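Q: take this sequence and fold it.
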Amino acid sequence: MARPKTGETPIRRVRLGDEIWEQVERAASEDATTNTAIVKEALAEYMAKRARQRRAQKTKDDQRGD
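A: Residues are numbered from 1 along each chain as shown. Take a look at the predicted model:
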């Protein structure tokens, strides 16, 4: 059952192909969670990885004197 709308989080729209969406739906069902939770977790992990990579690159640049 879906959580009732609270109006606190804006709705975002994203286009995903059927293949990836079906994988998300399957994972959500297997993990007893929602498609939204899986997408949010995946994006959060991506953003954390990106931040780590940028920090590492900045450290390299600083060490080289760039």
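
Q: what's the pLDDT at the residue sitting nearest the centre point of the chain?
A: Within the chain, the residue whose C-alpha comes closest to the C-alpha centroid is residue 43; the distance, by Cα atoms, centre = their mean, is 1.2 Å. The score at residue 43 is 97. That number is its pLDDT.

Q: residue 60 too?
A: Among the per-residue scores, residue 60 holds a pLDDT of 84.

Q: any regions of this structure where pLDDT drops low?
A: Residues of the chain that meet the criterion pLDDT under 70 lie in 1-5, 66.

Q: what's residue 37 in contact with, if anything?
A: Contacts for residue 37 (Cβ atoms under 8 Å, 6 or more residues apart in numbering) come out as residue 28. Quick note: C-beta positions are derived from backbone N, CA and C, even for glycine.

Q: please disregard the earlier target; I meant residue 64.
A: With Cβ under 8 Å, 6+ apart as the criterion, no residue contacts residue 64.

Q: picking that back up, wait, what's in contact with the residue nearest to the centre of the chain?
A: For residue 43, the set of contacting residues under the criterion of Cβ under 8 Å, 6+ apart is empty.

Q: all set now, cheers.
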